[in-house]
Each structure stands twice: as C-alpha cells, then as structure tokens.
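> sharing a model that was predicted from the sequence below.
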Amino acid sequence: MSESRNPKLATILSAAAATSTGNTIFGIDHRNILIEVTTAGFTGTVKLKGALGNTPPDFSASASATNAWDTITVVPYADTATPVAGATGLVFSGDSGAHIYELNTNDLDYFTAGVTAYTAGTVTVKARLVNNQ
C-alpha cells in the first residue's frame, strides 16, 4: 500500500439522530474523498459540504461572504452512478444499509457532512481521503 494513501476512515457523523453538522475534516493535499454512509431506519437528507481557506467556516451556519462554504456533488459507487447534486443531498426514506460515494474535491481545505430534514433513525458518515498516488 502506498504511503501517500490514508487507509483510515475518519468519522464525520456517528449515529446521528437529529438535524446536525458533523466533524470537520482537513482535506488539503487529497484529490478525492470516499464516503461511507451507513443507516438504520434513517429518514432524512445528508448534505456534504466543503470550503477553501486558512480556517474552517462554521458549517452549521448559512454560507455567506464571511462564512464561505458550498455543498458538494457526489457520485455513488452503486450501479446507477448518477451524480447527486450537492444542494439536493443524499435523500433517504426508512433506509437501513451501507452506501459508498466519491467526492472529487480537488484540494478543498475543509469538508463535513450535515443532516437535514431528519425524521427517524440514525446515520453514520465516515470518510477516507485519497490522492491517487
């Protein structure tokens, strides 16, 4: 295994059971982020967010000129592989399962995930940062 690869999964959200924003991950020097989303009876939306800058924004607050961040489009590893717009997010309805997604982050400095439209169950989001070397 190459030394440039980070094989560890960083936990962003752990069994989240409410509208929330997860831990912020420092992503510079990584081209892609692989996301593992596991759900247990989860109904809600997971939005992946990223930012550039010297300090992380407040991802739990609205994006603005002084708190700059944006949602990120993701591609599922499933057979359908249709990109999911960041503003739409990953929408689940009573889902219990495991899902893998790829984000083409191209050196975003900071990354997180947030739960919106929550009504039931739990969701865990983990990330692996890679740079294809």
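Arrived safely.
> what does the model give the closest residue to residue 11 other than its chain neighbours for pLDDT?
The spatially closest residue to residue 11, leaving aside those adjacent along the chain, is residue 126, at 5.3 Å (C-beta to C-beta, 6 or more residues apart in numbering). Every C-beta, even on glycine, is put in place using the N, C-alpha and C of the backbone. Confidence at residue 126, expressed as pLDDT, is 97.
> list the buried residues for the helix or strand where residue 126 lies?
Using DSSP states H and E, residue 126 maps to strand 110-130. Neighbour counts over strand 110-130 (16 or more other C-beta atoms under 10 Å) mark 110-115, 118, 121-130 as buried.
> repeat that for stretch 10-19.
For stretch 10-19, by 16+ other C-beta under 10 Å, it's 10, 12, 13, 16, 17.
> over to stretch 43-52?
By 16+ other C-beta under 10 Å, the buried positions in stretch 43-52 come out as 43, 44, 45, 46, 47, 48, 49, 50, 51.
> now, which of those lie within helices?
Among these, none falls in helices (DSSP state H).
> going by distance to residue 37, which of these wins?
Closest approach between those and residue 37, by C-beta to C-beta: residue 46, at 6.2 Å.
> show the contacting residues for that closest one.
By C-beta atoms under 8 Å, 6 or more residues apart in numbering, the residues touching residue 46 are 13, 37, 89, 90, 92, 113, 114, 115, 123, 125.
> for residue 72, see how far away it is.
Between residue 46 and residue 72 the computed distance is 11 Å (C-beta to C-beta, to the nearest Å).
> now swap in residue 45 and tell me
The gap separating residue 45 from residue 72 is 14 Å, by C-beta to C-beta.
> the lowest-mean-pLDDT helix or strand in the chain: partners in the sheet, and parallel or antiparallel?
The helix or strand of the chain with the poorest confidence is strand 25-26; it has a mean of 89 (mean pLDDT, DSSP states H and E). Here strand 25-26 is paired, per DSSP bridges, with strand 110-130 (antiparallel).
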